[in-house]
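Colleague: Return a 3D structure for these sequence lines:
(2 chains)
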Amino acid sequence: MIAAGTSTRPDRALFYTPASVEVDYDAKLGDPGSFPYTRGTRAPRERAAGESHDIIVRELSGEGPPERSNAQFHYLLEHGATGLDVIGDTPTQCFMDPDHPYARHAVGNQGVSICRAADFVALYDGIPLDRVSCDHSLPSGFAAAGLFLAAEAHGHGAEILRGSAILPPLFAEDTAYSSNLPIELHMRLATDSIEFCADHMPKFHPFIEDTYYISDGSVDIVDEMALGFVELREVVRRLVARGVDVDRFAPRIALLVNCRMDFFEEIAKIRASRRIYARMMRDEFGAKDPRSLAINVAAHTSGATMTSRQIANNISRGAIQALALTLAGVRAMEISAFDEAIRTPSREAHLIGLRTQHVVRLETGAADVADPLGGSWYVEALTDDLERRILERVRFIEDLGDVVELAEGGFFRAIFAEAMVDRAKEVTEGRRPVVGVNVNEVPLEDDTLLRDMAEERIAPCYERIEEIKAWRAGRDHGAVVAALDGLEQTCRSGANVMPGLLEALRADASMGECIGVLRECHGRPYDPLRCVERPR
Amino acid sequence: MTPPVRALVTVLGLDQHEAGSLAVARLLRDAGVEVVYAGRFQLPETIATIAVQEDVDVVGVSAHSWEFLHYAEELAERLGAAEPAIPVLVGGSVVTGADRDEILKVGIDEAVLPTATEDEILAAFRRLADAHRAQR
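Modeller: Numbers count the residues shown, from 1 in each chain, chains lettered A, B, ... in the order given. Sure thing, here's the model as predicted:
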């Protein structure tokens, strides 16, 4: 029974009519593949019998040392994944090496442990990097550098590399993994890696504006996209200000959005975002290349919508979200594994995530027609409404002043913190129905379906800690020190840090050491937790 | 007049998820508890130090990573060494029934599953805090 209280359902009419929305087809919609790309960034094409659609099928993965994650990748590719999406364990996401004292019980049990060039080489061993796109939820700059070095070691030129790296420079400290970096350094790593990739990895998307990170702590759908656009716009402004032609990097910007359970609103959000981006890049940033105006949207379904009660219900949620994303025309998706509320995805949950995507794509026909909901009075009205509200919110925030100063001052953190608490209260007070949690509950002792599997634990990789300690002790110490000094000089000179980062990784410096040096260049201690010292 | 209960709310190790800890902090505050919020990047040693320095009645650790399983024993030992011992409650989205049994065995005073209601969470904090005050 849902408790009494005001529903969180947004205001909507009981039905929609032609009078509900003003449709100017050419100005607001256009055909799929045409400005303003509301209906999709690519013109549909005929397909041969049996030829699959272009949606990249992938599942978020990464576990243990790189070798174990590599085996996981091969398993996923053998079972129908067409792309990879790797996430680091918590130390890795915090730019922290596994032998850091704070990392001890978090190594490899919630993602892959990565801290050196050899790890990227092992991670991608035997992966056809020329065909498989590799998305990275790994620290800014290091993802592109690591993939670059892995390709080099496996005999590929960097120009063939496909995939992406998520960059949440403005919000990383507040909504993602705090690594105690000043926002300016986050921005530096973002902009430097984007510029580096424009020159060396032209097929790679070095800048995924990741609104999943922003929103899964539970800001609403308008703030998800408004804050995403605030961040994206700041990155674009900075690159333009340093003299980089907007058409040199904009074609490789992409969006990774969240997908929660409000079916039509999520579809409208994606359509509105493509339109906002196209108009913004053309009218405000002067982009001329059509590829600079058409933003590819990928999506990750919301882990926060996965429940730890009646865990099998999460499979249904994933299927509904996958259908919404297919109808919205995303270019790639990953479904949060059904056991996500409790653990890092199991092999079985990964497979169900893949198969859910396969069922939606191959059996429902939902992907056969581009933007099948286009022209629906309801969906067009929602799209217009979200576009208006997102743009208003962007203007409101930018009118408050410099967004980096706002971030450093805690403005965004307050928004995220408040949203986290509000969301929790909505559920506990019953204003947001969540099946199995505050409605249609069953006694805990009866809630057993799939539970044993979901409650299996992955042990921390203590052996990985020992391996890295031994590797660190056996390196050419002088070469490491020299490379870190070189990285420092590059950073302090104001030049792009990516070449220095590559050289340091080639010289066997670790990610934690590199970020420590970059921290020092930006006025922070080498290790804010005061546990490790810079090699001298 | 009896001074209000003082509670330390925090997150262990590298656990980055603060949704639960912030929600619990607000829940306690709204119930009249004085909350000391220590946020992320805390180890058993730093939690015990803050708990003693701040003279709290109870410590609440929010868990959304599995690190709590490995820190539980040390955390219980360090807080148990205070005079009088400071009780500790662990709760969060990833805590299962089996986890509860395991951490209670190594000395954690209370474990709260994700199914707990706000009233149950508040009652657990109050019960531990009252027991602590009775020993003073």
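Colleague: Lowest average confidence across helices and strands of the chain, where is it?
Modeller: Using chain A. The weakest-scoring helix or strand in chain A, judged by mean pLDDT, DSSP states H and E, is helix A:451-454 (a mean of 82).
Colleague: actually chain B
Modeller: helix B:19-30 (a mean of 90).
Colleague: Contacts for that one, please.
Modeller: Contact partners of helix B:19-30, identified using CB atoms under 8 Å, 6 or more residues apart in numbering or on different chains, comprise A:217-218, A:417, A:420-421, A:423-425, B:7, B:9-11, B:35, B:37, B:39, B:60, B:62-64, B:91-93, B:118, B:121-122, B:125. The C-beta positions use only the backbone N, C-alpha and C, and glycine is treated the same way.
Colleague: Any of those buried? List them.
Modeller: Among those, the ones that count as buried by 16 or more other CB atoms under 10 Å in any protein chain shown are A:217-218, A:417, A:420-421, A:423-425, B:7, B:9-11, B:35, B:37, B:60, B:62-64, B:91-93, B:118, B:121-122, B:125.
Colleague: which non-adjacent residue is nearest the residue in the stretch 201-350 of chain A that chain B sits nearest to?
Modeller: Nearest to chain B, among the residues of the stretch 201-350 of chain A, is residue A:308, at 5.0 Å (CB to the nearest CB). Nearest residue to residue A:308, sequence neighbours excluded (CB to CB, 6 or more residues apart in numbering or on different chains): residue A:341, at 4.3 Å.
Colleague: and that neighbour, how many neighbours?
Modeller: By other CB atoms under 10 Å in any protein chain shown, the residues close to residue A:341 number 21.
Colleague: Need the three-state assignment for it.
Modeller: Under DSSP: H, G, I helix; E, B strand; the rest coil, residue A:341 falls in the coil class.
Colleague: pretty sure it is in contact with residue A:302, am I right?
Modeller: No: using CB atoms under 8 Å, residue A:341 makes no contact with residue A:302, being 10.8 Å away.
Colleague: Determine how far stretch A:123-130 lies from the middle of the whole chain.
Modeller: Chain-centre distance of stretch A:123-130: 21 Å, with CA atoms, centre = their mean, to the nearest Å.
Colleague: again, but for stretch A:300-313
Modeller: In this view, stretch A:300-313 has its centroid 18 Å away from the chain centroid, taken as CA atoms, centre = their mean.
Colleague: For chain B, which segments count as strands?
Modeller: For chain B, the strands defined by DSSP state E cover B:6-12, B:34-42, B:58-62, B:88-91, B:110-112.
Colleague: Okay, now the sheet partners of the third one, with direction.
Modeller: In other words, strand B:58-62. Sheet pairing here is set by DSSP bridges, and for strand B:58-62 it gives strand B:6-12 (parallel), strand B:88-91 (parallel).
Colleague: what's the angle between the first one and strand B:34-42?
Modeller: When you say that, I think you mean strand B:6-12. Between strand B:6-12 and strand B:34-42, the angle comes out at 20 degrees (axes from the mean of the first three to the mean of the last three CA atoms, to 10 degrees).
Colleague: just the angle between strand B:6-12 and helix B:19-30, please?
Modeller: Counting by the same axes, to 10 degrees, strand B:6-12 points 170 degrees away from the direction of helix B:19-30.
Colleague: how close does residue A:320 get to residue A:302?
Modeller: Plainly put, residue A:320 is 11 Å away from residue A:302 if you go by CB to CB, to the nearest Å.
Colleague: Am I right that residue A:203 is in contact with residue A:164?
Modeller: No: in this structure, residue A:203 is not within contact of residue A:164 by CB under 8 Å, at 10.3 Å.
Colleague: out of those two, which sits in the busier spot?
Modeller: A count of neighbours by other CB under 10 Å puts residue A:164 above the other of residue A:203 and residue A:164, at 28 against 14.
Colleague: For that one, list each beta-bridge partner.
Modeller: Residue A:164 forms beta bridges with residue A:135, residue A:205, as assigned by DSSP bridges.
Colleague: residue contacts, it?
Modeller: Contact analysis of residue A:164 by CB under 8 Å, 6+ apart lists A:133-136, A:204-206, A:208, A:254, A:256, A:298.
Colleague: among the residues you listed, who's most crowded?
Modeller: residue A:206 (30 neighbours).
Colleague: what would the strands paired with strand B:58-62 look like in TSV with mean pLDDT?
Modeller: Converted to TSV, those look like this (pLDDT from 0 to 100):
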stretch	mean pLDDT
strand B:6-12	97
strand B:88-91	97
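Colleague: and the one helix or strand residue A:143 maps to, what does it pack onto?
Modeller: Assessed by DSSP states H and E, residue A:143 sits inside helix A:142-153. Packing partners of helix A:142-153 (3 or more CB pairs under 8 Å, 6 or more residues apart in numbering or on different chains; DSSP states H and E): helix A:117-123, strand A:133-137, strand A:163-166, helix A:183-200, strand A:204-210, helix A:498-506.
Colleague: Turn these into CSV, columns for distance to residue A:352 and mean pLDDT.
Modeller: Output for the helices and strands packed on helix A:142-153, formatted as CSV (distance: least, CB to CB, whole Å; pLDDT from 0 to 100):
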stretch, distance to residue A:352, mean pLDDT
helix A:117-123, 24, 98
strand A:133-137, 20, 94
strand A:163-166, 24, 92
helix A:183-200, 34, 96
strand A:204-210, 24, 93
helix A:498-506, 36, 98
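Colleague: Select, out of these, the one closest to residue A:40.
Modeller: Nearest of those to residue A:40, taken as CB to CB: strand A:204-210 at 17.2 Å.
Colleague: Now the longest helix seen in chain A: average pLDDT?
Modeller: Across chain A, the longest stretch assigned as helix under DSSP state H is helix A:377-399. Averaged across helix A:377-399, pLDDT comes to 98.
Colleague: the strands in the stretch 251-400 of chain A, which residues?
Modeller: Assigned by DSSP state E, counting those that start in this stretch, the strands in the stretch 251-400 of chain A fall at A:253-259, A:296-301, A:332-334.
Colleague: mind listing what residue A:289 touches?
Modeller: Residue A:289 makes contacts with A:247, A:250-251, as judged by CB under 8 Å, 6+ apart.
Colleague: so where is the chain shaky, pLDDT-wise?
Modeller: Assuming you mean chain A. A:1-10, A:50-53, A:217 (pLDDT under 70).
Colleague: my question was about chain B
Modeller: Scanning chain B for pLDDT under 70 picks out the ranges B:1.
Colleague: can you list the residues of it near chain A?
Modeller: Proximity of chain B to chain A, by CB under 8 Å from any CB of the partner chain, involves residues B:13-16, B:18-20, B:22-23, B:26, B:40-41, B:43, B:65-67, B:69-71, B:93-94, B:96-98, B:113-115, B:117-118.
Colleague: which ones among those residues are found in helices?
Modeller: Counting by DSSP H, those place B:19-20, B:22-23, B:26, B:67, B:69-71, B:97-98, B:118 in helices.
Colleague: Spell out which parts of chain A neighbour chain B.
Modeller: Residues of chain A lying close to chain B (CB under 8 Å from any CB) are A:90-91, A:93-94, A:96, A:102-106, A:109-110, A:176-178, A:217-218, A:308-309, A:341-343, A:417, A:420-421, A:423-425, A:428, A:444, A:455, A:457-458, A:460, A:529.
Colleague: Filter those down to the buried ones, ChimeraX style.
Modeller: Entered in ChimeraX, the line below selects the buried ones among the residues of chain A next to chain B, by 16+ other CB under 10 Å:
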select /A:90,91,93,94,96,102,103,104,105,106,109,110,176,177,178,217,218,308,309,341,342,343,417,420,421,423,424,425,428,455,458,460
